[in-house]
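Student: A predicted structure for the sequence below; I have some questions about it.
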Amino acid sequence: MLENLKQYQIVLASKSPRRQELLHGMGVDFTVLTKETPETFPPDMPLDEVPKHLSLQKSLAFSDDELPTGYLLVTADTVVISEGEILGKPKDAADAFRMLEQLSDRVHHVVTGVTVRTVEKTESFSAISQVTFAPLEKDEIDYYIVHCQPFDKAGAYGIQEWIGYVGISGLEGSFYNVMGLPTQRLYQVLKGF
């Protein structure tokens, strides 16, 4: 599948092992190349638009010299939005606990922005999933933080880990979006390159 991609060298600009796993699972061969980019956005930007904006920033950090003809670059950014706040990656265990306590017994949104870019074409999109957590007890949150160390995950959790198995009571939208890459939507976009 995606025979059209054979004309490109695919580059995923993400250190996320989950994104790498998901793109491999889609049958895409790629290399990983990352750049540190500031994750800034206008303060008045609607929160649902932030991930798409950040994915485009990450993409544009690669100059045309770094993205020559024949390359296709994929960048992404995922945020958890709860109670009108973006929950990024936790700074430490206390921050992770605060986030998980905020998500407990509530519905939140996970938004992933993705940018696919070649020298000739750029396409950005975002996907939104609604996630419902059952009530979490303090010792369950502590157990998860100690055993899974969710410090590299937006909102301090991974849906594919213990907390997802025992804590998530509902999901509307893409499961893989919550993991960090809306694979079905990305597949449709890649078909157009």
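Tutor: That came through fine. Everything quoted here is computed from the prediction, not taken from an experiment.
Student: please tell me how far K15 sits from D152.
Tutor: Distance from K15 to D152, counting by C-beta to C-beta, to the nearest Å: 8 Å. C-beta coordinates here come from the backbone N, C-alpha and C atoms, glycine included.
Student: higher neighbour count, these two?
Tutor: Set side by side, K15 and D152 show more neighbours around D152, with 13 against 10, by other C-beta atoms under 10 Å.
Student: now the nearest residue to the more buried one once chain neighbours are set aside. Its backbone dihedrals?
Tutor: Distances taken as C-beta to C-beta, 6 or more residues apart in numbering put K89 closest to D152, at 6.0 Å, once the chain neighbours are dropped. Main-chain torsions, K89, degrees, to the nearest 10: phi -80, psi 140.
Student: how many neighbours does K89 have?
Tutor: 17.
Student: thought it was touching Y157?
Tutor: No - applying C-beta atoms under 8 Å as the test, K89 and Y157 come out as separate, 10.9 Å apart.
Student: for E101, which non-adjacent residue is spatially closest?
Tutor: Closest to E101 by C-beta to C-beta, 6+ apart is I141, at 6.4 Å.
Student: contact partners for the one you found?
Tutor: F97, L100, E101, S104 (C-beta atoms under 8 Å, 6 or more residues apart in numbering).
Student: of these - the most surrounded one?
Tutor: Among the contacts of I141, L100 has the most neighbours (other C-beta under 10 Å), with 25 neighbours.
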